[in-house]
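Enquirer: Got a sequence here, can you model it:
(chains A and B)
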Amino acid sequence: MIDMKVNICNIEFKNPVIAASGTFGFGQEYNEYFCLSRLGGICTKGLTLYEKEGNKGIRIHETTGGLLNSIGLQNPGIDKFIREELPFLEKQDTIIIANVGGSSIEEYIGAVEKLNETSIDIIELNISCPNVKEGGMAFGIKSEIAYEVVLEVRQVRKKPLIVKLSPNAENIVHMAESCVKAGADGLSLVNTFSGMAIDIYGRKPVFDNIIAGLSGPCIKPIALRMVYEVARAVDVPIIGIGGIVDYKDAIEYIMAGAWAVQIGSGNFINPTLSLDVIQGMERFMLDQGIKSLEEIRGVI
Amino acid sequence: MQEGYRKGKIESNIQIASNIYELKISLPYTCDSLGEPGQFYMLRGWGAMDPFLPRPISICDISHGIITFLYEVRGRGTHIISKLGPGDELEVLGPLGKGFNLDLEGSIALVSGGIGIAPMIYLAKRLDAIKDFYCGFRKEAYYIDKLKDHVNSIFISTEEGSIGHKGFITDLLKPEKYKGVIACGPIPMMKKVVEMCKHEGVPTYISMENRMACGIGACLGCTIQTSSGMKRVCKEGPVFSGEEVVFSD
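Expert: Numbering: from 1, shown residues only, chains lettered A, B, ... in the order given. Below you'll find the model as predicted:
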């Protein structure tokens, strides 16, 4: 009998496959395709204290092996999320992680205080959205600033706190160490890479914001390397994210030291991809005689 | 529960005009509807992950279990699809989105620009109202014969004057003659149609297009501005009331 369970911040996940923030809405769209209770967990669309309309202009641009996005944290705001989206999520037998964005420490704190009083299981602090001006990206680049934010949020939060790191950090290992020192209970990495595209006929950037976030299989080798380096430097649970499109990718992240993984852009090309990954991991473990993920976690 | 991506078999895939192809596919039998006028499918004609994203293509017709798509080759994805032939497989997700309102009554104008003619075929077949069809093209006209049996009159325009009126299709449209106007085509055309109809107090229904990643409402990549906030072309649309869409300049 193989055991896919994983315990992160004293929360038990039935398997290590989590839907990544911003690629899964609040679950409803995917619930039309499969039973969400099959998932280890769901990260909500990035939430901010107040509603955000998101960015204007082109929001999606395909690249080789991935896509650039500039959605701009479009979300209904915390109150509306709690009122209209959380009741549905509560009914799913899976771990609910609220992804929280912000452009100031006060905004993060305001959002976290509201979430404290709800049934969500974990808070994932997004200090890395590249698509909003002052949108947390600054927090995600400099370790000293990230330390301040995490320290403040840590003091008010009543839920386990995972910090989602940006690959655009000046030094990903220093960033990870700073967040852990400030009290993060876990880390998830990585968010999208800063990238851009140019409309050569119009002689202008594709995106109104010029810079957008790159995700998809094209980032996987770099994201995997970052997870590997961070896993060796800190001793809190790590969730690996970046370009996972099959079970082999997921197993690589586990072997690099991740406790669990998040599926992001892969959801866009196949709404049932998470299930394929879960089943593929199970089969792999069975074939390889692996009884629990701990046996292979960080083996390299 | 909806099915995820399934394999469709290509029955035919032929070029009908410069850069315009007609694709017919069959799907494994299912009790579910193959789609309503105005809905679309995500199509992927390649096995690996390059190109990364599937392509949204609207339903042109459904008959005897065969779905027809009419598409314009615009980039690598549609180029790859255009090279497929009978017997080849295609991965499809759908039907998706919210289609046209089929309860309209009285006299209705259908207005298309270029490849916007695609959803009009199935719509003309399924909409019981009295329909006039206005179709504009840049150079060559195509697919008009498919509509003949289902509409009252056909008005044609080409920008170069090779067939029909020389100019834009909106030059020919007389909104005051109709109880409603349905349009699909380039944004400037639809904007013009909506403006003309607003002036006459005629309701409009327009089928929007946008870049999409997921096609199911999750990525928020295809949202447009409306009078009641941001809406997803793939989920709340692609058909919107013309009055609610906020056209950007």
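Enquirer: hey, let's count contacts and neighbours off CA atoms from now on
Expert: Fine.
Enquirer: Centroid-wise, who is the farthest residue in chain B?
Expert: When distances to the mean C-alpha position of chain B are computed (CA atoms, centre = their mean), the maximum falls on B:A48, with 27.2 Å.
Enquirer: Please report how far that residue lies from chain A.
Expert: 10 Å (CA to the nearest CA, to the nearest Å).
Enquirer: In contact with that residue, which residues?
Expert: Under the criterion of CA atoms under 8 Å, 6 or more residues apart in numbering or on different chains, B:A48 has no neighbours.
Enquirer: so it sits in a strand?
Expert: No: under DSSP: H, G, I helix; E, B strand; the rest coil, B:A48 falls outside any strand and is assigned coil.
Enquirer: Enumerate the residues of the stretch 151-300 of chain A near chain B.
Expert: Residues of the stretch 151-300 of chain A lying near chain B by CA under 8 Å from any CA of the partner chain: A:N267, A:F268, A:I269, A:N270, A:P271, A:T272.
Enquirer: Reformat the residues you listed as TSV; add neighbour count.
Expert: Listed next are those as TSV, based on neighbours: other CA atoms under 10 Å in any protein chain shown:
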residue	neighbour count
A:N267	22
A:F268	24
A:I269	21
A:N270	17
A:P271	24
A:T272	19
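Enquirer: Tell me the one of those nearest chain B?
Expert: A:F268 (4.1 Å; CA to the nearest CA).
Enquirer: Just give me the residue right at the centre of chain B.
Expert: Nearest to the geometric centre of chain B sits B:P119, at 3.7 Å (CA atoms, centre = their mean).
Enquirer: Distance of that one relative to chain A?
Expert: In terms of CA to the nearest CA, B:P119 sits 24 Å off from chain A.
Enquirer: Which helix runs longest in the chain?
Expert: Using chain A here. Longest helix in chain A by number of residues (criterion: DSSP state H): helix A:273-288.
Enquirer: actually chain B
Expert: Per DSSP H, chain B has its longest helix at helix B:187-200.
Enquirer: which outside residues touch the helix or strand that comes right after that one?
Expert: With elements assigned by DSSP states H and E, the helix or strand that comes after helix B:187-200 is strand B:204-207. Residues from elsewhere that reach strand B:204-207 (CA under 8 Å, 6+ apart): B:38, B:100, B:180-185, B:190, B:194, B:197, B:237-243.
Enquirer: Only alpha carbons, please: show strand B:204-207 as CSV.
Expert: Below are the C-alpha coordinates for strand B:204-207, written out as CSV (Å, rounded to 0.1, in the frame of the first residue of the first chain):
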residue,chain,number,x,y,z
THR,B,204,-27.6,44.0,-30.5
TYR,B,205,-25.9,40.7,-29.7
ILE,B,206,-22.3,40.4,-30.5
SER,B,207,-19.8,37.5,-30.5
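Enquirer: what about that strand, distance to the chain center?
Expert: 11 Å (CA atoms, centre = their mean, to the nearest Å).
Enquirer: Which element, helix or strand, includes the closest residue to A:F207 other than its chain neighbours?
Expert: Leaving aside its sequence neighbours, A:F207 sits nearest to A:I58 (CA to CA, 6 or more residues apart in numbering or on different chains; 5.8 Å). With elements taken from DSSP H and E, nothing contains A:I58; it lies in neither a helix nor a strand.
Enquirer: I'd like to know the phi and psi angles of B:K83, please.
Expert: phi -90, psi -10 (degrees, to the nearest 10).
Enquirer: Any idea how many residues pack against the nearest residue to B:A124 once chain neighbours are set aside?
Expert: Nearest in space to B:A124, with sequence neighbours left out and distances taken as CA to CA, 6+ apart, is B:H150 at 5.8 Å. Using other CA atoms under 10 Å in any protein chain shown, B:H150 has 20 neighbouring residues.
Enquirer: now swap in the one 5 residues further on and tell me
Expert: One way to gauge burial is a neighbour count; for B:F155, by other CA under 10 Å, it gives 16.
Enquirer: The one 5 residues further on too?
Expert: When counting by other CA under 10 Å, one arrives at 15 neighbours for B:E160.
Enquirer: which non-adjacent residue is nearest the closest residue to chain A within chain B?
Expert: Nearest to chain A in chain B, going by CA to the nearest CA, is B:C214, at a distance of 4.1 Å. Excluding the flanking residues, the one nearest B:C214 by CA to CA, 6+ apart is A:F268, at 4.1 Å.
Enquirer: any idea how far the one you found is from A:N31?
Expert: Distance, A:F268 to A:N31, using CA to CA, to the nearest Å: 14 Å.
Enquirer: just checking, A:I120 touches A:T94?
Expert: No: checked against CA atoms under 8 Å, the pair A:I120 and A:T94 is beyond contact range at 10.5 Å.
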